[in-house]
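>>> A structural model of the following input is requested.
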Amino acid sequence: MISALDDTLLALADPTRRRILEVLLAGEASDADIATAVGVRRDELSMHMRILEEAELISRRPQGEGELVAANPAPLEIAAEWINTNRELWAMRSQMQET
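All right, here's what the predicted structure looks like:
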């Protein structure tokens, strides 16, 4: 789980990749549509997509002569679980520092 969490957090660390995920959470899209929506060149998009794929945050499926990309929210659940698990500890530590 740690590796999956690390991969997810690394992928989410970049604002362009977060924007790509936001686009894909609205529905499947082609690489060209994603590049246009996010405002990046296709070569730049390719690097970001590779990182998102390695973190298993996106998947591809054939569509006609091309392919469509879809978001996979499962790794986001792992990150959310980690954050929620540690939220109480952060709150306690913050209260201790205030006193």
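
>>> what's the lengthiest helix in the chain packed up against?
As assigned by DSSP state H, the longest helix anywhere in the chain is helix 74-98. Contacts defined by 3 or more C-beta pairs under 8 Å, 6 or more residues apart in numbering; DSSP states H and E place helix 74-98 against helix 2-12. Just so you know, the C-beta spots here come from the backbone N, C-alpha and C atoms, and that holds for glycine as well.

>>> The helix it packs on: which residues count as buried?
5, 7-8, 11-12 (16 or more other C-beta atoms under 10 Å).

>>> Quick one: these as CSV, columns for distance to residue 86 and pLDDT too.
Formatted as CSV, those follow (distance: C-beta to C-beta, whole Å; pLDDT from 0 to 100):
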residue, distance to residue 86, pLDDT
5, 11, 92
7, 18, 94
8, 15, 95
11, 19, 96
12, 16, 96
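
>>> Which member of those is positioned nearest residue 32?
residue 11 (21.3 Å; C-beta to C-beta).

>>> didn't the closest one look like it was pressed against residue 50?
No. Between residue 11 and residue 50 there is no contact under C-beta atoms under 8 Å: 10.1 Å.

>>> Report the contact partners of residue 4.
55-56, 75, 78 (C-beta atoms under 8 Å, 6 or more residues apart in numbering).

>>> can you pull the buried residues of stretch 24-36?
24, 28-29, 31, 34-35.

>>> cool, and stretch 69-80?
Quick answer for stretch 69-80 (16+ other C-beta under 10 Å): 69, 71, 75-76, 78-79.

>>> State the distance from residue 96 to residue 48.
Counting by C-beta to C-beta, to the nearest Å, the gap from residue 96 to residue 48 is 39 Å.

>>> Mind checking which of those two has more residues around it?
residue 48 (21 against 8; other C-beta atoms under 10 Å).

>>> who touches the worst-scoring helix or strand of the chain on mean pLDDT?
The weakest-scoring helix or strand in the chain, judged by mean pLDDT, DSSP states H and E, is helix 74-98 (a mean of 84). The set of residues external to helix 74-98 that reach it, using C-beta under 8 Å, 6+ apart, is 1, 4-5, 7-9, 12, 55-57.
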